[in-house]
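> With the input below, show me the fold.
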Amino acid sequence: MTDSIMENSLTQYIELYHAQRQAIEAASPAVLNALREKALNVLEATRLPRKGQEDYEATDMNAIFAPDYGVNVNRFDLARNFTPTFSCDLPNLGTTPVYMLGDTIVVPGKELADGVVVTSFAQAAKTCPELLERHYGTEARLDNAATALNTLLAQDGLLVYVPRGVKARPLQLINIFNANAPLMAVRRILLIAEEHAQVQMLVCDHTQNETQRYLSNQVVEIIAREGASVDYYDMEESTPLTSRVSALYVKQEGGSNVLVDGITLDCGTTRNDYHFDVAGERAESHLLGMAIASGTQHIDNHTFIDHSAPRCTSREMFKYILGNKAVGAFAGKILVRPGCPGTDAYQGNRNLVTSASAKMYTKPQLEIYTDDVQCSHGSTIGQLDEDALFYMRSRGVSEETARTLLMQAFMADVIDGVRIDTLKERLYHLVERRLAGDDATCDNCPIRK
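Sure, this is the predicted structure:
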């Protein structure tokens, strides 16, 4: 690895783009190519933060991108050998499954009812180009260097579109790494819910080949029109050699209701950025997060909820359980702009540190420029209640079981915020397995077996 890449890991990707620009653009819809020059200008003028350069102990973003990952520029069909072997469906929910193998989209051939569109960007550019042209890149912020890099290199993505007044069947996207060499997947998702539409989407990250290093660079844009209801559940069950950098952007119009839930059960190094633009009166935002880390895992969540309309509500809660030498970080900000009376916002971060070697860094913030609001935040870092442990052990419960039960109870309110009952039940099961030291893998899932 050259000194210039160690100093600025973006350099190798900028060089890749210059060398492979023709191939990248030839395999991409025109709407993706239209934003590349702007993204390139941003990247050439910036650097990813290194350890200690942000205003709190966060992820070394430069180090995440520094390894020499391959990028599937020539769009080799990774799906060909794998699709028949994968079955990852949530029982009793009846989801419509979609697969992303690396960053190649595999969509079921069947048509969906009521005008719902679930397709790749490549196909959308042929069948409904106006949707991409109107919405792609409108919410993603290029001042985020990882988002700019995604915009520079993305060649395809997943489009989900729910027409006005339609309640869509639940969707499930299964992201899979299974390459025989180090690989960076440049993943892109665009979800649009028109006026009074309803959609629930579950995204699962899996790594099948645990011996290789992988990096997921993901950007998600969610647009909720007036009165729309959107649930987006993002569950990571990867491996110690898998890194993930994800940026999710939400735009809410009046009366919309959006729930985003980020669930990290297994990972290597993870950095999630969440950005809510609460731009319509009486919109309601729910942002939940749950992380369980052990070994040397690193989980970092940044959140920003921007209230720019009056009489809106936001509820935010992130919980971590950290053991061994794991590191957790949380930085959250709620901004209430001028002219937004009636805003009701809460931000919470609660953390359990079960080892003397584990570390948690937390930085909650409120920034308020309007009177007549109800806004608060809270953050705690602690250990298991010794009195509760003693009480349970005195009634014949083993110490290990008592600790697991208390940690499960700690996560209960975050899991209870899930608005799909079958998923809520599955999460209780997965959390129990994870806290007991087993793989947090669904019993019927062959991907991690």
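> Residue 148 and residue 43 touch, don't they?
Yes. Using C-beta atoms under 8 Å, residue 148 is in contact with residue 43, at 5.2 Å. In this view, the C-beta of every residue, glycine as well, is placed from N, C-alpha and C.
> So which of these two has more stuff around it?
In terms of neighbours (other C-beta atoms under 10 Å), residue 148 is the more surrounded of residue 148 and residue 43; the figures are 27 against 22.
> Report the separation between that one and residue 247.
Per C-beta to C-beta, to the nearest Å, residue 148 is found 10 Å from residue 247.
> Same question for residue 20.
Counting by C-beta to C-beta, the separation of residue 20 from residue 247 is 23 Å.
> which of the two has more neighbours?
Higher neighbour count among residue 20 and residue 247: residue 247, with 22 against 15, using other C-beta under 10 Å.
> need the contact list for that one.
Contacts for residue 247 were tallied using C-beta atoms under 8 Å, 6 or more residues apart in numbering; they are 140, 141, 144, 146, 147, 150, 218, 219, 220, 272, 273, 275.
> Quick check, the first one in contact with residue 221.
This means residue 140. Yes. At 5.6 Å, residue 140 counts as touching residue 221 under the criterion of C-beta under 8 Å.
> which neighbours do these two share?
With C-beta under 8 Å, 6+ apart as the test, residue 140 and residue 221 both reach residue 249.
> quick one: low-confidence parts of the stretch 51-200 of the chain?
51-58, 78-94, 109 (pLDDT under 70).
> Show me where it has its helices.
Secondary structure of the stretch 51-200 of the chain (DSSP state H, counting those that start in this stretch): helices at 61-65, 121-127, 129-135, 145-153.
> What is the second one packed up against?
Same thing as helix 121-127. Here helix 121-127 touches helix 30-33, helix 129-135, strand 158-162, going by 3 or more C-beta pairs under 8 Å, 6 or more residues apart in numbering; DSSP states H and E.
> before we move on, what about the shortest one?
Contacting helix 61-65 under the criterion 3+ C-beta pairs under 8 Å, 6+ apart are the following elements: helix 145-153, strand 242-252, strand 269-278.
> backbone phi and psi for the residue lying farthest from the centre of the chain, please?
The C-alpha centroid of the chain is most remote from residue 394, which lies 41.5 Å away (C-alpha atoms, centre = their mean). Note on residue 394: its backbone torsions stand at phi -70, psi -10 [degrees, to the nearest 10].
> Check the gap between it and residue 309 for me.
From residue 394 to residue 309 the distance is 53 Å (C-beta to C-beta).
> Repeat that for residue 262.
Residue 262 sits 24 Å away from residue 309, going by C-beta to C-beta.
> more crowded one of these two?
residue 262 (24 against 21).
> so that one sits right up against residue 289, yeah?
Yes. If you go by C-beta under 8 Å, residue 262 and residue 289 touch, sitting 4.5 Å apart.
> which neighbours do those two share?
Common contacts of residue 262 and residue 289 (C-beta under 8 Å, 6+ apart): 272, 301.
> ok, back up a step: next, format the contacts of residue 247 as JSON lines and append distance to residue 11.
Converted to JSON lines, the contacts of residue 247 look like this (distance: C-beta to C-beta, whole Å):
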{"residue": "140", "distance to residue 11": "22"}
{"residue": "141", "distance to residue 11": "22"}
{"residue": "144", "distance to residue 11": "18"}
{"residue": "146", "distance to residue 11": "15"}
{"residue": "147", "distance to residue 11": "18"}
{"residue": "150", "distance to residue 11": "17"}
{"residue": "218", "distance to residue 11": "22"}
{"residue": "219", "distance to residue 11": "21"}
{"residue": "220", "distance to residue 11": "26"}
{"residue": "272", "distance to residue 11": "25"}
{"residue": "273", "distance to residue 11": "22"}
{"residue": "275", "distance to residue 11": "26"}
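> between these, which has the most around it?
Highest neighbour count within these, by other C-beta under 10 Å: residue 219, with 28 neighbours.
> How about the backbone phi and psi for that residue?
Dihedral angles for residue 219 - degrees, to the nearest 10 - are phi -130, psi 130.
> domain assignment for this protein?
Taking automatic domain parsing as the reference, the chain has its domains at 3-280, 388-449.
> could you dump those domains to CSV with distance to residue 337?
Output for those, formatted as CSV (distance: least, C-beta to C-beta, whole Å):
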stretch, distance to residue 337
domain 3-280, 10
domain 388-449, 26
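> Out of these, which one sits most buried?
Highest mean neighbour count of the domains of the chain: domain 3-280, a mean of 19 (counted as mean count of other C-beta atoms under 10 Å).
> SS state for residue 22?
The three-state label given to residue 22 by DSSP: H, G, I helix; E, B strand; the rest coil is helix.
> please begin residue numbering at 35 from this point
Shifting the count to begin at 35 puts that one at residue 56.
> List the contacts of it.
Contact analysis of residue 56 by C-beta under 8 Å, 6+ apart lists nothing.
> and it, how far is that from residue 108?
Per C-beta to C-beta, residue 56 is found 11 Å from residue 108.
> Residue 346 now?
From residue 346 over to residue 108 the distance is 46 Å, taken as C-beta to C-beta.
> again, but for residue 174
Taking C-beta to C-beta as the measure, residue 174 falls 25 Å from residue 108.
> cool, and residue 430?
Separation of residue 430 from residue 108 (C-beta to C-beta): 62 Å.
> isn't residue 321 right next to residue 349, touching?
Yes. Assessed by C-beta under 8 Å, residue 321 is found in contact with residue 349 at 7.4 Å.
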